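> Attaching a predicted model along with its sequence, questions to come.
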2 protein chains.
Amino acid sequence: MDYADCPVRIAIDILSSSWNAWLILEIHKGIVRPCDLQRSISIAPKRVLTKQLGELEKIGILEKKIYPVLPLKVEYYLTDQGKELIPIIEKLREWGDKHKNVFLENTAFK
Amino acid sequence: MDYADCPVRIAIDILSSSWNAWLILEIHKGIVRPCDLQRSISIAPKRVLTKQLGELEKIGILEKKIYPVLPLKVEYYLTDQGKELIPIIEKLREWGDKHKNVFLENTAFK
DNA sequence: TTAAATAGGGATAAACTTATCACCCGGTGA
DNA sequence: TCACCGGGTGATAAGTTTATCCCTATTTAA
């Protein structure tokens, strides 16, 4: 029984890796095309977002829809298990909002 | 407004870094002394646990009690804001339990 | 007096993640 | 024709995190 198989770690690893949480929130808000996501998360490198989108699709959190039209059109949607992450992320946000002060104070001069 | 100041990221960063989530759960279960924590999370290096305990204390998630007795006795307890992480971790565990199969299938041969 | 347990720290190495850069292709509008 | 948009990739550099190793100090038990 590896530590990596721990259900808690699985969830945390997904949410914590690079831009995943942000991506999931943006897609939930209705920004579903790669180019639009790249614009709305403009500080993230394009290459990294592409990689993460692929990763999130592979593990069943996003569903990729490819429209056979030209110019090529691609959209990503949250699967059911992806949608179930939304309330969790909101809880994380609530917690962070409530406690960010203590946190920022004590990390400024570490 | 830095990405690192995002409330969601603050919470995720805390939970994701090395052994924090596990430590928080163990302390919540009543394992409160450093030496006992090192035994119960035996695959984690002692040095790392010490560091994380100090870090979690600094950001106000743990409270450190030093008993002026000999042999030296130290205990860590969850603060109120630390306790508020417990239900969130439980949600993460539920999610992970529910979806670990899809996850493990698609990461085994990446 | 020696060993073990308690709590902790400094310095460096190893590992992992993320970012960067330069590309690919197909199509469209000027 | 040329530049640009949309979607995407491979290879490597850079950066961060974790782990490793080896110390400190004090007290009790053998």
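The structure has been received and is ready for your questions. Residues are numbered from 1 along each chain as shown, chains lettered A, B, ... in the order given.
> Alongside DNA strand C, which residues does chain A contribute?
A:16-19, A:44-48, A:70-71 (Cβ under 7 Å from any atom of the strand). The C-beta positions use only the backbone N, C-alpha and C, and glycine is treated the same way.
> residue ranges with poor pLDDT in chain A?
A:1-2, A:106-110 (pLDDT under 70).
> List the buried residues of the longest helix seen in it.
Across chain A, the longest stretch assigned as helix under DSSP state H is helix A:85-108. Buried residues in helix A:85-108, counting neighbours by 16 or more other Cβ atoms under 10 Å in any protein chain shown, are found at A:85, A:88-89, A:91-93, A:95-96, A:99-100, A:103.
> nearest to DNA strand D, of the residues you listed?
Taking Cβ to the nearest atom of the strand as the measure, A:F103 is the one of the buried residues of helix A:85-108 closest to DNA strand D, at 13.6 Å.
> wait, isn't the closest one in contact with B:I59?
Yes: using Cβ atoms under 8 Å, A:F103 is in contact with B:I59, at 5.1 Å.
> Name the residues contacting each of those two.
B:I14 (Cβ atoms under 8 Å, 6 or more residues apart in numbering or on different chains).
> circling back to that earlier point, check the buried residues of helix A:85-108 one by one and keep those near chain B.
The subset of those lying close to chain B, counting by Cβ under 8 Å from any Cβ of the partner chain, consists of A:85, A:88-89, A:91-93, A:95-96, A:99-100, A:103.
> Could you export those as TSV, including distance to DNA strand D?
Shown next, in TSV, are those (distance: Cβ to the nearest atom of the strand, whole Å):
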residue	distance to DNA strand D
A:L85	20
A:I88	20
A:I89	19
A:K91	21
A:L92	17
A:R93	20
A:W95	19
A:G96	16
A:H99	18
A:K100	17
A:F103	14
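> And the spatially most central residue of chain A, how far from B:D97?
Among the residues of chain A, the one closest to the centroid is A:N20, at 2.4 Å (Cα atoms, centre = their mean). Distance from A:N20 to B:D97, counting by Cβ to Cβ, to the nearest Å: 19 Å.
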